[in-house]
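[1] A predicted structure for the sequence below; I have some questions about it.
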Amino acid sequence: MHNASSLLQKSSFAVDFPRRAPARGAGASSVPIRVALMRTGHAMLWDRRIQPFIAARADRADRMWSWTALRTFFPLAQFVHGRRCVAHCVFVRNNLGQAVPAAMSLLIETYPHLVQGGPLYATFAWFLSTAPDTALAALGVAITPSLGRTCIDIAITSSFNAGHDGRIGLHAAPAGGERLIWFYEEHCGLLRLTATAALPVPQANDGRFFYADSACAARLAAEFTPWR
């Protein structure tokens, strides 16, 4: 386990992924989790057993996603730019002791930092998705975790371990509306890139980009210390 001060050291010291997550509802304060590299089979299982619950919700930005396609083909688009993608899956256990995927993330490990004029690189959280409680309950998970901030912490941890001092960037999909803006800014504590800022890549700035600089990342990672 890392204490808060250890997360402020040089990023050459590996930072652990969280091992627990806050529990939803009454009955428990936390849920054991395991963060692992995503395999194609995990993505296929998600698409078969989790995605139908997401697709039924009009408020979800990820309702049209296929994690099998994201995991298989999207890293190739970054490979041609010399960038490496890393996919993670967060598992919880059901009432039979089986590992059930509860969150997914696809990160671009080294990407231009959204804020220009300072450090050059960060980790970009390209796709993030968490399973609805109803989907996990259908797979026998009695106590479901809250994993939104956990996904952000996984990106920050990956950035630390890639040597980027915790810096991350992400884009809030327009399909998520103002709810997703609130989630990243207020709930997760990320910084919002001004809509007039130029991006370091040839893409229009729609005002829905968020980031963590090294100071913000250190603060957010330290807040997550109890879960490591």
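    Great, that's in hand. Residues are numbered from 1 along each chain as shown.
[2] For Pro32, which non-adjacent residue is closest in space?
    Arg20 (5.7 Å; C-beta to C-beta, 6 or more residues apart in numbering). C-betas here are computed from N, CA, C, even on glycine.
[3] and the one you found, how many neighbours does it have?
    Burial of Arg20 is recorded as 15 neighbouring residues (other C-beta atoms under 10 Å).
[4] State the distance from it to Arg228.
    8 Å (C-beta to C-beta, to the nearest Å).
[5] got the contact list for the residue nearest to Pro32?
    Contacts for Arg20 (C-beta atoms under 8 Å, 6 or more residues apart in numbering) come out as Ser30, Val31, Pro32, Ile33, Pro226, Trp227.
[6] okay but the second one is in contact with Gly25, surely?
    Read it as Val31. No: the pair Val31 and Gly25 does not pass the contact test of C-beta atoms under 8 Å, sitting 10.8 Å apart.
[7] Next, show the common contact partners of those two.
    Common neighbours of Val31 and Gly25 (C-beta under 8 Å, 6+ apart) are Ile143, Thr144.
[8] which of the two has more neighbours?
    More crowded of Val31 and Gly25, by other C-beta under 10 Å: Val31, with 21 against 9.
[9] so that one, which of the three states?
    Of the three states, Val31 takes strand under DSSP: H, G, I helix; E, B strand; the rest coil.
[10] Contacts made by stretch 44-62 with the rest, please.
    With C-beta under 8 Å, 6+ apart as the test, stretch 44-62 has contacts from 63-68, 89, 101, 104, 127, 129, 131-132, 134-135, 138-139, 172-177, 179-180.
[11] Among those residues, name the ones in helices.
    Trp67, Thr68, Thr134, Ala135, Ala138, Gly177, Arg179, Leu180 (DSSP state H).
[12] Strands of the protein, residue ranges please.
    Secondary structure of the chain (DSSP state E): strands located at 20-22, 30-32, 34-37, 85-93, 99-112, 121-130, 168-171, 191-192, 209-212.
[13] Please name every helix or strand in contact with the second one.
    Same thing as strand 30-32. Other elements packing on strand 30-32 under the criterion 3 or more C-beta pairs under 8 Å, 6 or more residues apart in numbering; DSSP states H and E are strand 20-22, strand 85-93.
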